[in-house]
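**Student:** compute the structure for the input listed below.
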Amino acid sequence: MAKDLERECKAAMAKAIEYFKQELRGVRTGRASPGLVEHLRIEVPSYGSTMELRELASVTAPEPSLLVVKPFDPGTLKDIERGISTSDIGITPQSDGKSIRLPVPALSGERRKQMVQQAKKMAEAQKVAIRNVRRDTNKHIDAEKKNSTLTEDEADTAKEKTQKLTKQHEDQIDTLVASKTKEIEEQ
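**Tutor:** All right, here's what the predicted structure looks like:
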């Protein structure tokens, strides 16, 4: 039974890491990256729904400071342009009727600090999620011990493994945020 708990714990913690990686893609650095805008939610009245930009258009980075958005359906160009304008990414879209150019301005020192803080805040949120998984797993271990499904030694070993997994995943988050911080701070 302890193996099942360990497997569930690993899976839940890995999910938190994957989510964090997705979140980091949206944090702006000095260079253009499709991940910066592809997860933007765009309201498309003609489709009657809100969709992610990557579902509506291809996003490329032909230059280090430029993104080009080419809609799959030319009728959604205005909706995409409006969605990008109203987002909080701080980039003004320029449309030529067929595609949208997004010039990514260089980050100021102050803006870089804000981006680093944002990345650290997101990292802390995922660390909390990982600790919550640890807490839930430990509760399950205690319940199993109380029901005599696990011996005291097995329960202690399972808790130690859970703590090791927690530490590993927190270290992984620290590594990711340090890498992103370095990326944000370099020109």
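
**Student:** center of the chain - which residue?
**Tutor:** The centroid of the chain falls nearest to residue 23 when counting by Cα atoms, centre = their mean (1.6 Å).

**Student:** off-centre distance for stretch 38-53?
**Tutor:** Distance of stretch 38-53 from its chain centroid, counting by Cα atoms, centre = their mean, to the nearest Å, is 19 Å.

**Student:** quick one: average pLDDT of that stretch?
**Tutor:** The average pLDDT within stretch 38-53 is 80.

**Student:** next one: phi and psi at residue 107?
**Tutor:** Residue 107 adopts backbone torsions of phi -80, psi 140, taken as degrees, to the nearest 10.

**Student:** do you know how far it is from residue 137?
**Tutor:** Look at residue 107 and residue 137: by Cβ to Cβ, to the nearest Å, they are 40 Å apart. From N, CA and C alone the C-beta is placed, and that goes for glycine too.

**Student:** all strands for this protein, in order.
**Tutor:** 41-44, 49-52, 57-63, 66-71, 94-95, 100-103 (DSSP state E).

**Student:** got the ones you listed as a markdown table, with distance to residue 153 columns?
**Tutor:** Shown next, in a markdown table, are the strands of the chain (distance: least, Cβ to Cβ, whole Å):
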| stretch | distance to residue 153 |
| --- | --- |
| strand 41-44 | 50 |
| strand 49-52 | 49 |
| strand 57-63 | 54 |
| strand 66-71 | 56 |
| strand 94-95 | 66 |
| strand 100-103 | 59 |
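
**Student:** need these in TSV (columns: distance to residue 182 and mean neighbour count).
**Tutor:** Putting these into TSV (distance: least, Cβ to Cβ, whole Å; neighbours: other Cβ atoms under 10 Å) gives the following:
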stretch	distance to residue 182	mean neighbour count
strand 41-44	29	17
strand 49-52	28	13
strand 57-63	19	16
strand 66-71	22	19
strand 94-95	30	13
strand 100-103	24	18
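
**Student:** residue 183 is in contact with residue 112, correct?
**Tutor:** No: look at residue 112 against residue 183 with Cβ atoms under 8 Å: they stay out of range, at 10.4 Å.

**Student:** who's more crowded, those two?
**Tutor:** Shown here are residue 112 and residue 183; by other Cβ atoms under 10 Å, residue 112 has more neighbours (19 against 16).

**Student:** that one: what's its closest spatial neighbour, skipping adjacent residues?
**Tutor:** Excluding the flanking residues, the one nearest residue 112 by Cβ to Cβ, 6 or more residues apart in numbering is residue 184, at 5.5 Å.

**Student:** I'd say residue 106 and residue 65 touch.
**Tutor:** Yes: counting by Cβ under 8 Å, residue 106 does reach residue 65; the two are 7.4 Å apart.

**Student:** report the contact partners of the closest residue to residue 172 other than its chain neighbours.
**Tutor:** With Cβ to Cβ, 6+ apart as the criterion, residue 172 has its nearest non-adjacent residue at 5.7 Å, and that residue is residue 17. Applying Cβ atoms under 8 Å, 6 or more residues apart in numbering to residue 17 gives the contacts 126, 169, 172, 173, 176.
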